[in-house]
Structure formats: structure tokens, C-alpha cells
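>>> please work out how this folds:
(one chain, ligands or ions: 1)
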Amino acid sequence: MIQVQNVNHTFLIGKKGKEKKVPVLKGLTFEVEKGEVVAIVGKSGSGKSTLLHTIAGFMSPEQGSIIVNGQETVHLNETERAKFRLNNFGFIFQNFQLMPRLTAFENIELPLKLKGIAAKKRKTSVQLLLKKVGLEEVADHYPNELSGGQQQRVSIARALITNPPILFADEPTGSLDSETEQDILLLIQDLNQTMGVTFVIITHDEEVANIAHRKFRMHDGELVKGDTSNVI
Ligand SMILES: Nc1ncnc2c1ncn2[C@@H]1O[C@H](COP(=O)(O)OP(=O)(O)OP(=O)(O)O)[C@@H](O)[C@H]1O
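Purely as a prediction, here's the structure:
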């Protein structure tokens, strides 16, 4: 489903004329299968976010190939990449990134509105997903009227409402207490098993990584060999 082949990226850091080259991704090669939960783990600064940004098409790597669903993505232009993202990827972030002036229902509905889906169809889809993530009771609440765990459920539902085959989660439980973290991890596993969504989770939290079928450990821009383990 995702094939990353020999991906390299170097950032130029510092003042113009005195820039320093900092290699951040060094010859990364790995695959993610359809229906897998994969965790990319590693210390702060190891290159996890940069890797996610390249796979998700927010930036192009200097070298290498990234094939998603059979489509080479690194040479797409900005507009093509945005369209590709819309059709293939959903995103969950540590700080939820919900629209504060929209209710839970409206936050989840928004991507469908942007896609021009009719109101009746939107309502049916949102209600189904609200039920799936256990938020029916709080559909009319605004984000500041929801707990952290509920907010993350809204953001997961919003990410899934357009049925993307791949969901990227960047430290999805980073703002949550450990009990709520467990709830969200169970939800991710359930969505993977019942809806077949492929998850790529970026985390430095081993508890989170332990729900993955395979872990890829990054160190200093490289994948540590021999450290992909089948947990489930
Ligand atoms: N836009 C950028 N310009 C220059 N350097 C960058 C840029 N983005 C990241 N870096 C550098 O690349 C390296 C890897 O950063 P990255 O954010 O990918 O690591 P990370 O593993 O995700 O860290 P964290 O867990 O703290 O988010 C760091 O040294 C960082 O300073």
C-alpha cells in the first residue's frame, strides 16, 4: 500500500551563505501493507515527522521514491498532491485541531461539505460515524465542552468521514492521560479491524507503539535494522 524506497532528505539550516547541511532522512526503505497498523518510533529529532511529511505529500524528499496505492507521489505538483491527500489520507494530531466554533457533528461533517456532498447524505454518514466512535450523546457539544478523549474521537471521526484508506496519527495520545490513552488505542485497533483502515502512527511512546503490527525505529534519520516486531 505504501512503498518507501531509498528516501533521502537534507535540510539547509542557518543564515544565508552560511547554511549547514543536515541530513535528516538517510536511505529509508520500507513498506506498509494494506490493513496494517505501523508505528514509527524514535527520539525527538530522529526524523519521524519529516518522514511523515514526505509520505503524506506535504513535502517532497530530495531523493527516492514513495509509491502509495500504486501511484508515485514524489513528482506530483502541489495541486496534485493536495488532491491525492484528500482522496487517500486522513490525519489525526496530538492537539486535535478541531474548529472551535463548530459542534462535534459539524466538525465531522466539514470534509463532506468541502467535497460538495448533499446535506441528507452528510447527516447519515456523520450519524453512523458518531455512533462508531461513541459520541452520539455529545454531537451538539462544542470542542471546549468535550473532554480530551472525546475531542480526539471527534478528530478521528473527521479524519475517517471521507473513507480514506490510510490514516496518519502524529502522537495521537500525546495530550491524554493514560486511561484515556487506552480508550483511544482501543478505538484505533477497532477501526483497523472493522473498517480495514491502514494506520501509520508516529510516536515516542512505547505503549502506543505496542498496538502496532510492526514497529519501525528511527535513529538519526535511519531505520534501525532488525527492530520491526510483530506484536499482534
Ligand atoms: N523545516 C525544517 N528546516 C530545517 N530543519 C528541520 C526542519 N524540520 C525538521 N528539521 C530538523 O530535522 C531533524 C528531524 O526533525 P523531525 O521533526 O523530523 O524529528 P522528530 O523525530 O519528528 O522529532 P519530534 O519527536 O521532536 O517531533 C531535526 O534535527 C530538526 O531540527
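>>> got the contact list for the residue nearest to the spatial centre of the chain?
Geometric centre of the chain, nearest residue: residue 168, 1.3 Å, by C-alpha atoms, centre = their mean. Going by C-beta atoms under 8 Å, 6 or more residues apart in numbering, residue 168 touches 52, 55-56, 89-92, 199-202. Glycine gets a C-beta too; all of them are placed from N, C-alpha and C.
>>> mind running it again at 10 Å?
Residue 168 makes contacts with 40, 52-53, 55-56, 85, 89-93, 159, 198-202, as judged by C-beta atoms under 10 Å, 6 or more residues apart in numbering.
>>> got the residues of this structure near the ligand?
When proximity is defined as C-beta under 6 Å from any ligand atom, the chain approaches the ligand at 11, 13, 22, 24, 42, 44-50, 204.
>>> just the buried ones from those?
Buried members of the residues of the chain next to the ligand, counted by 16 or more other C-beta atoms under 10 Å: 24, 42, 46-50.
>>> among those, which are in helices?
Here DSSP state H is the test, and these give 48-50 as lying in helices.
>>> can you tell me which of these is nearest residue 119?
residue 49 (36.8 Å; C-beta to C-beta).
>>> ok but residue 201 is inside a strand, no?
Yes: per DSSP: H, G, I helix; E, B strand; the rest coil, residue 201 lies within a strand segment.
>>> wait, it sits on residue 189?
No: in this structure residue 201 lies outside contact range of residue 189 using C-beta atoms under 10 Å: 11.2 Å.
>>> between those two, which one's more packed in?
In terms of neighbours (other C-beta atoms under 10 Å), residue 201 is the more surrounded of residue 201 and residue 189; the figures are 26 against 15.
>>> who is the more buried one paired with across the strands?
With DSSP bridges as the criterion, residue 201 is bridged to residue 39, residue 169.
>>> do residue 89 as well
With DSSP bridges as the criterion, residue 89 is bridged to residue 166.
>>> quick one: residues contacting it.
Residues near residue 89 by C-beta under 10 Å, 6+ apart: 55-57, 68, 159, 162, 164-168, 198, 200.
>>> overlap of the contact sets of residue 201 and residue 189?
37, 211-212.
>>> dump the residues you listed to JSON lines, plus neighbour count and secondary structure.
Shown next, in JSON lines, are these (neighbours: other C-beta atoms under 10 Å; DSSP: H, G, I helix; E, B strand; the rest coil):
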{"residue": "37", "neighbour count": "26", "secondary structure": "strand"}
{"residue": "211", "neighbour count": "20", "secondary structure": "coil"}
{"residue": "212", "neighbour count": "26", "secondary structure": "coil"}
